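Student: Would you be able to build a 3D model of this:
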Amino acid sequence: MQEITTERIAKVMSRRGVCSRREAERLIAEKQVYVDGVLIESPGTKISLDAKISVSGAEVAEAEPTKIWAFYKPKNCITTHSDPQGRPTLFSLLPPSMSRVISVGRLDYSTEGLILLCNNGEITRKLELPTSMIPRIYKCKVYGRIHRDMAKALLAGVLIDGIQYAPIKCTVYPADGRQHWLEMELTEGKNREIRRICEYFDLQVSRLIRIQYGNITLENMEPGELQALANHQVSRLLKMCGLQ
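Tutor: Numbering: from 1, shown residues only. Sure thing, here's the model as predicted:
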């Protein structure tokens, strides 16, 4: 089989961990991307895999071996590189010496817990796609009365405000008054999915923590802590989404 020596510029940028393909398309449209000194005007332009790319005047390093990190995202920070409102961002909490990484999906401002970071945009995308069926497990502290058929309804999938949510495995732990801990396992992860589902069942979320993504768990990590995954952990993750 003939080795591929050229690829679409947006895909090469993603693979090098610069940004997602969508973000690469935006940068190209804003005329911020040059290859070997030539302005790129279309994200479909094919380039050599070892071409020199510069974005906003800064040269982009060639692709490194794939690395994945586990990060304990604290509450009250957002999963973006910058925020017009000046709120803390996940990426501002990373070591300054760390190379550019992309988050595998997002956690909203008030949600804490495990988020994976990767230096390869193509792998990042595969890891976060619902079609990869990688389980995400959350612990959720709620107030309110637990409906006796909630777990059964969630396992069948629910329709809320015209949005169909895929089946969720829900475990309800013994109550302390009107306070409960739930454990929810899902594979889809729509925007604010758990919060919207709890609201649908008249439950108020007071704390939401992602404790596991695929085979990776928070274990004894503290908020703000970063850990590089071992090779065997990365290999198993990649197998889970069909990349090995």
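
Student: quick one, longest strand in this structure?
Tutor: For the chain, the longest strand by residue count, based on DSSP state E, is strand 204-213.

Student: For that one, which strands pair with it and how are they oriented?
Tutor: Next to strand 204-213 in the sheet, as set by DSSP bridges, lie strand 112-118 (parallel), strand 136-143 (antiparallel), strand 216-217 (antiparallel).

Student: in stretch 13-28, what's buried?
Tutor: Neighbour counts using 16 or more other C-beta atoms under 10 Å place 13-21, 23-25, 27-28 of stretch 13-28 among the buried residues. C-beta: built from backbone N, CA, C; applies to glycine.

Student: now the longest strand of the chain: how far from the chain's centre is it?
Tutor: Averaging C-alpha positions (C-alpha atoms, centre = their mean, to the nearest Å) puts strand 204-213 15 Å from its chain's average.

Student: do the same with stretch 200-216
Tutor: That offset, for stretch 200-216, works out to 15 Å (C-alpha atoms, centre = their mean).

Student: now stretch 135-151
Tutor: Here stretch 135-151 is found 22 Å from its chain centre; the criterion is C-alpha atoms, centre = their mean.

Student: those helices in the protein, which residues are they?
Tutor: 9-15, 21-29, 121-128, 150-156, 193-200, 231-240 (DSSP state H).

Student: Please work out which of these is packed deepest.
Tutor: Highest mean neighbour count among those (mean count of other C-beta atoms under 10 Å): helix 9-15, with a mean of 24.

Student: how close does the most centrally placed residue in the chain get to T187?
Tutor: By C-alpha atoms, centre = their mean, the chain has its centre lying nearest to G105, at 1.8 Å. Distance of G105 to T187, computed by C-beta to C-beta, to the nearest Å: 12 Å.

Student: Show the contacting residues for the residue of the chain positioned farthest from its centre.
Tutor: Of all residues in the chain, G177 has its C-alpha farthest from the mean position, at 34.4 Å, by C-alpha atoms, centre = their mean. Neighbour list for G177: empty [criterion: C-beta atoms under 8 Å, 6 or more residues apart in numbering].

Student: Please apply the same query to the one 5 residues further on.
Tutor: Counting by C-beta under 8 Å, 6+ apart, L182 makes contact with K139, C140, K141, V142, C170, T171, V172, Y173, C198.

Student: Just give the nearest non-adjacent residue to D108, would you?
Tutor: Excluding the flanking residues, the one nearest D108 by C-beta to C-beta, 6 or more residues apart in numbering is R192, at 6.0 Å.
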